[in-house]
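> Fold the following for me, if possible:
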Amino acid sequence: MATESVGLAFDVSTAAWAIWIIPFVAALIAPAIGKISKRATGYFAVGMALMSALSAAVLLPEALAGNEIHNQISWIDTIGIKAGVLADPLAIIMANVVGWISFLIIVYSTGYMKGDKDIVRFWFWMMFFIGSMQLIVLSDNFLQLFFGWEGVGLASYALIAFWYRDKKQHHVGTEGYTALGITEYYSPSHAGMKAFIMTKVGDVMMLAGMFLIFAFAGTFGFKELIDDTSWAVNMSAAGLLVPAGVLLFGGAVGKSAQFPLNEWLLEAMTGPTAVSALIHAATMVKAGVFLVARIGPLFFALAAAGIMVDQFFEIIAWVGAITALLLATQGMVNKEIKKVLAYSTGSQIGYMMMALGIAGLSEQFVDGYTAGFYHLISHAMFKASLFMAAGSLIHVVGSRFMNDMGGLRKVMRKTYVFMWAAGLALMGAPFITTGFWSKDAIFAAVFESGNTWAMPIFVIAVLTAVITAFYTTRMIGMVFFGPKSKHIKKMESEGHHLHEAPMSMWIPYGILAALTIGIGVIGFSAEEGIHELFTAYLDNSFGIQSIPVVAEH
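As a prediction, the model looks like this:
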């Protein structure tokens, strides 16, 4: 069921616009408030982030009812392009994930960034970041989405390089260490620029794919592309449909740090930990997954109509599988806690891409589609919790290296418990964590897909899960168990009193850790609910049912 209008006639439509407009307004006003009181700027950011999240929550009943809100206003009249919001179940759920995770990270930031002399600039870019991501989620056309896409890239550059004065404590890597003759020690300004340039490679590919489709369809609108697919027939006949899809996916590869454009994500750890949590859990790296989730059903529907697009989905599945395994192996040996979590993020995003790719090669598209998106939700919770907990550890110990920690479970009991809970979800601890149910759904979707590539991808998925359990256990063991490190003993001898992080910091990651267990306990029911929701959504919006797509793979 769709609600379409021109203007802002309906309350739900107003809420859909407000989700992404509110953070942008907050970004514009924050510097003015900062002139009066830097502390007040933080409270203002918290309030505006909450308003944006509540606006997303208002739309949840619409998603659960299977409704779709499509609202447009005039934009570029000369070529008939309108700006609009498309709040379907996919966008509404994603907007809530982004909104509520971002809100908790903003709350956390009030403690983590306390006393930073550039805090007003921090609030500006954080709110701009959130607004750009929500614009991606709620846009009803490629062109508008691309504005949000570039906004996310700009904000990530500014926040990764936030400490641009390049003091040594803000670098990542080990000074003097090289690999294959290349230094592995990076400053914030270097890391920010590298992220900007590497993601731009994908952005150029995405832009080319968008305009290829526009050249044949005469529209950027998602609804219009679905309603009349004659453009796809013509593109396929010209041999350009799959290349256009792969170019679009190139944008996702860059933003979501998938192989071979994954390297920027590790160096992005030069930014404040609150930024790392936002990038990894709620915004930038999730943007690529959302893009694939947005266009995947369209390409599947074209396949169901007899247009061959197998290669598009095969590339997605294999890029995801390779990235998942490659980055997991690198996470096994690193000593920097944030870099271990960064490798983990790229690996877990690989799982999501793997599921979305295999969905298009399966007789049951909704199984892989639901599994990939459920893992996105699960990952957002446990990874935000882990990053914020890591920030608390660095805040207390004064080092990003795990071998400078050790024995902290008695000093930081809350962080210890919450990090274990989130870590269990990352490992996929059976029956009690969201990570178990989402990974189990991915394994099942891959194994039961009936595709030629199913077995090798399934083996990679299982092997990656084993490696994930290893590096997560290693991380928690190095931080919380064993004897105190020489670094901690030196701190104590100098009169430093190690203590739990302030309440404003541990409550946000405590809430998310609790949710990973709480939802995990009812995880099968939650997965079934999302499966039913997406089954109805895919049928209503794309005519996708549980039907074979192609005869052979």
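> can you tell me which residues contact the nearest residue to Leu59 once chain neighbours are set aside?
Using C-beta to C-beta, 6 or more residues apart in numbering and skipping residues adjacent in sequence, the residue nearest Leu59 is Ile92, 4.6 Å away. Heads up, the C-betas are built off the backbone N, CA and C, glycines and all. By C-beta atoms under 8 Å, 6 or more residues apart in numbering, the contact set of Ile92 is Ala56, Leu59, Leu60, Glu62, Ala63.
> what's the most distant pair in these?
Ala56 and Glu62 (10.9 Å; C-beta to C-beta).
> Which one's more surrounded, the two?
Legend: neighbour count by other C-beta atoms under 10 Å for Ala56 and Glu62, higher for Ala56 (29 against 20).
> Tell me, how many residues neighbour Thr174?
13.
> Trp437 - how many residues pack around it?
27.
> how far out from the middle of the chain is the helix or strand hosting it?
Using DSSP states H and E, Trp437 sits in helix 434-447. Relative to its chain's centre, helix 434-447 lies at 18 Å (C-alpha atoms, centre = their mean, to the nearest Å).
> where do the helices sit along the stretch 401-550 of the chain?
Per DSSP state H, counting those that start in this stretch, the stretch 401-550 of the chain carries helices over the ranges 413-427, 434-447, 454-480, 486-493, 503-521, 523-542.
> Please tell me the pLDDT value assigned to the nearest residue to Asp203 once chain neighbours are set aside.
Spatially, and ignoring its direct neighbours in sequence, Asp203 is nearest to Gly251 (5.8 Å; C-beta to C-beta, 6+ apart). The model reports Gly251 with a pLDDT of 98.
> Please verify my assumption that Gly251 contacts Lys200.
No. Counting by C-beta atoms under 8 Å, Gly251 stays clear of Lys200, with 10.1 Å between them.
> on that earlier part again, checking the residue nearest to Leu59 next. Helix, strand or coil?
helix (DSSP: H, G, I helix; E, B strand; the rest coil).
> Show me which positions of stretch 336-347 end up buried.
Glu336, Ile337, Lys338, Lys339, Val340, Leu341, Ala342, Tyr343, Ser344, Thr345, Gly346, Ser347 (16 or more other C-beta atoms under 10 Å).
> per-residue confidence averaged over it?
Stretch 336-347 comes out at a mean pLDDT of 97.
> And for stretch 181-195?
Mean predicted lDDT for stretch 181-195 stands at 89.
> Can you get me the start-to-end distance on that stretch?
21 Å (C-alpha to C-alpha, to the nearest Å).
> buried residues in that stretch?
Applying 16+ other C-beta under 10 Å to stretch 181-195 flags Tyr186, Ser187, Pro188, Ser189, His190, Ala191, Gly192, Met193, Lys194, Ala195 as buried.
> Repeat that for stretch 507-519.
Buried-residue list, stretch 507-519, by 16+ other C-beta under 10 Å: Ile507, Pro508, Tyr509, Gly510, Ile511, Leu512, Ala513, Ala514, Leu515, Thr516, Ile517, Ile519.
> in terms of contact, does the first one touch Thr110 like I think?
Spelled out, that is Ile507. No. Using C-beta under 8 Å, Ile507 makes no contact with Thr110, being 10.9 Å away.
> any chance of the buried residues of stretch 507-519 in a markdown table, plus distance to Ala305 and pLDDT?
Shown next, in a markdown table, are the buried residues of stretch 507-519 (distance: C-beta to C-beta, whole Å; pLDDT from 0 to 100):
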| residue | distance to Ala305 | pLDDT |
| --- | --- | --- |
| Ile507 | 50 | 98 |
| Pro508 | 46 | 98 |
| Tyr509 | 46 | 98 |
| Gly510 | 49 | 98 |
| Ile511 | 45 | 98 |
| Leu512 | 41 | 98 |
| Ala513 | 45 | 98 |
| Ala514 | 45 | 97 |
| Leu515 | 40 | 96 |
| Thr516 | 40 | 96 |
| Ile517 | 43 | 96 |
| Ile519 | 37 | 93 |
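> would JSON lines of those with distance to Asp310 be doable?
Formatted as JSON lines, the buried residues of stretch 507-519 follow (distance: C-beta to C-beta, whole Å):
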{"residue": "Ile507", "distance to Asp310": "48"}
{"residue": "Pro508", "distance to Asp310": "43"}
{"residue": "Tyr509", "distance to Asp310": "42"}
{"residue": "Gly510", "distance to Asp310": "45"}
{"residue": "Ile511", "distance to Asp310": "43"}
{"residue": "Leu512", "distance to Asp310": "38"}
{"residue": "Ala513", "distance to Asp310": "40"}
{"residue": "Ala514", "distance to Asp310": "42"}
{"residue": "Leu515", "distance to Asp310": "38"}
{"residue": "Thr516", "distance to Asp310": "36"}
{"residue": "Ile517", "distance to Asp310": "39"}
{"residue": "Ile519", "distance to Asp310": "35"}
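> Could you find the two of those residues that are most distant from each other?
Checking the buried residues of stretch 507-519 with C-beta to C-beta, the most distant pair is Ile507 and Ile519, at 18.2 Å.
> Distance check, the residue of the chain most remote from its centre against Gln348.
Largest separation from the mean C-alpha position in the chain: Ser493, at 41.5 Å (C-alpha atoms, centre = their mean). Distance check for Ser493 against Gln348: by C-beta to C-beta, to the nearest Å, it reads 40 Å.
> How about Asp140?
On the measure of C-beta to C-beta, Asp140 and Gln348 end up 29 Å apart.
> Of the two, which one has the most company?
Counted by other C-beta under 10 Å, Asp140 and Gln348 do not tie: Gln348 has more neighbours, with 27 against 24.
> and that one, that one's in a helix?
Yes. Applying three-state DSSP, one finds Gln348 inside a helix.
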